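>>> Fold the following and give me the result.
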Amino acid sequence: MMKKRIAIFGSTGSIGTQALEVIEANPHLFEVEILTAHSNDELLIQQALKFNPNAIVIGDEKKYARVKEALAATDVKVFAGEQALEEVAAFDTYDMMLAAIVGFAGLQPTLRAIENRKAIALANKETLVVAGDIVMRKAVENKVPVLPVDSEHSAIFQCLVGESRNPIEKVILTASGGPFRGKKPNFLLNVKRDHALQHPNWSMGAKITIDSATLMNKGLEMIEAKWLFNLRPEQVRVVIHPQSIIHSMVQFEDGSIKAQMGLPDMKLPIQYAMAFPNRIPNNFPRFDFRKVNTLSFEEPDLKTFRNLALAIESLNKGGNLPCVLNAANEIAVWAFLRNRIGFLDMTDVIEKTMHYVPFIENPTLDEYLESDGEARSYAASLIQL
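Predicted structure coming up:
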């Protein structure tokens, strides 16, 4: 393998820090070219001193001076602000972008990288939820690979290697069910943020952990899968699999099912995307069939976890509705994490916003951006932020 120069957009988050562990373990295969963070200047400085990238971006412009001063003795170029993310994404000095910025903020830098023909390792599902048609069309036009990093989409991708001529009947995304699997609304009424942040199987950032607790994460993944694998909405299914050993499955038109399995560890799909098409050795823990007695499956409870039902509604209707769903969800999760609203209130905010923002069947990129802004403003007004 030629050494790949990696740009990690969102380097201080859960995916970004684990990607740096993969790079550190394989210095002959990867090197860090660009690092970006929204506001965690301390960790960004530590990462820059350790990996000596060509350039870094701190999103919070108020922290620019501190970061610049801390790296004054190095050759690292320091930039700040949201616009700088797009400008650095257009650099020609890297081979692959690991798109790990959380939420809608990851869309524009990813589009800029695609326009500059950079391979994308996509950990930001919201990019495809918000504007999947535009993103994937640009990827095809620019002959850019979009390699999934989400464990579920990586699993599907791995199952499809060598199957390009064999039509898919459906894909089956697995979900752990989160910390409240089996609970009913009267229990969820009193759930607090600290309880919701305790995921049984995965260690993730706060936003995605809350999305997993509400099952919104699985809904966003259904929309992402539609665009990544060019599927119809009815070809994307979800099943609850509490053990998180099977990461997802593909059923082909002959009825045969392929599954990708392993212990819950995000470093494996990160490494697979960065090294593709090669599999490279590692010392990650291995799954042992002798120690697991049961792999179980059940239907998701759409009446209790209505966020998943709303996501399925937006998947089926399409247009700008997934964009509106995502924007309202980001505001609702933000408010819940700050104890401004209750656990079930998040669903109410999202549903009301979906009904309020006008539906557009075939939005332009500007219309997606306008829908996102309108949805955020209305959701925030419901919470009185």
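>>> from here on, contacts and neighbour counts on C-alpha atoms
OK.
>>> any residues touching stretch 213-225, and which ones?
Counting by CA atoms under 8 Å, 6 or more residues apart in numbering, the neighbours of stretch 213-225 from elsewhere in the structure are 125-126, 128-129, 132, 152-153, 173, 175, 177-180, 196-197, 199, 208, 211-212, 231, 233, 236-238, 305, 307-312, 315, 322, 326.
>>> Based on its surroundings, how many neighbours for residue 347?
A count of neighbours around residue 347, defined by other CA atoms under 10 Å, yields 22.
>>> Once you drop chain neighbours, what's closest to it?
In this structure, residue 347 finds its nearest non-sequential neighbour in residue 307, 5.8 Å apart by CA to CA, 6 or more residues apart in numbering.
>>> Name the SS class of that neighbour, please.
Reducing the assignment to helix, strand or coil with DSSP: H, G, I helix; E, B strand; the rest coil, the entry for residue 307 is helix.
>>> tell me the strands in the protein, going along the chain?
In the chain, the strands defined using DSSP state E lie at 4-9, 30-37, 55-58, 77-80, 96-99, 119-122, 146-148, 168-175, 236-240, 246-252, 257-261.
>>> okay if I get those strands as TSV plus mean pLDDT and distance to residue 337?
Output for these, formatted as TSV (pLDDT from 0 to 100; distance: least, CA to CA, whole Å):
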stretch	mean pLDDT	distance to residue 337
strand 4-9	98	23
strand 30-37	98	20
strand 55-58	98	23
strand 77-80	98	26
strand 96-99	98	24
strand 119-122	98	25
strand 146-148	98	27
strand 168-175	98	22
strand 236-240	98	25
strand 246-252	98	27
strand 257-261	98	32
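>>> Show me the helices in the stretch 201-350 of the chain, by range?
Remark: helices of the stretch 201-350 of the chain, listed N- to C-terminal, are 206-214, 216-228, 267-275, 306-317, 321-337, 345-356; assignment by DSSP state H, counting those that start in this stretch.
>>> Nearest to residue 112, out of these?
Evaluated over these, closeness to residue 112 peaks at helix 216-228, with 18.2 Å, by CA to CA.
>>> for that closest one, the distance to its chain's centre please.
Average the C-alpha atoms of helix 216-228, do the same for its chain, and the two points are 9 Å apart (CA atoms, centre = their mean, to the nearest Å).
>>> what's the answer for stretch 255-275, then?
Stretch 255-275 has its average C-alpha position 15 Å from the chain's average C-alpha position, going by CA atoms, centre = their mean.
>>> What residues sit buried inside that stretch?
Residues 257-260, 263-275 are the ones in stretch 255-275 that count as buried (16 or more other CA atoms under 10 Å).
>>> Over to stretch 192-207?
When burial is assessed from 16+ other CA under 10 Å, stretch 192-207 yields the following buried residues: 193, 196, 197, 198, 199, 201, 203, 204, 206, 207.
>>> For it, what does the pLDDT average out to?
This predicted structure assigns stretch 192-207 an average pLDDT of 82.
>>> How about stretch 372-385?
Within the predicted structure, the mean pLDDT of stretch 372-385 is 94.
>>> Just list what the lowest-mean-pLDDT helix or strand in the chain packs against, helices and strands only.
When the helices and strands of the chain are scored by mean pLDDT, DSSP states H and E, helix 193-196 comes last with a mean of 88. Counting contacts by 3 or more CA pairs under 8 Å, 6 or more residues apart in numbering; DSSP states H and E, helix 193-196 is packed against helix 206-214.
>>> The same query, at a cut-off of 10 Å, please.
The helices and strands touching helix 193-196, judged by 3 or more CA pairs under 10 Å, 6 or more residues apart in numbering; DSSP states H and E, are helix 206-214, helix 321-337.
>>> Going by mean pLDDT, which of those helices comes out lowest?
Mean pLDDT values for these show the minimum at helix 206-214, a mean of 92.
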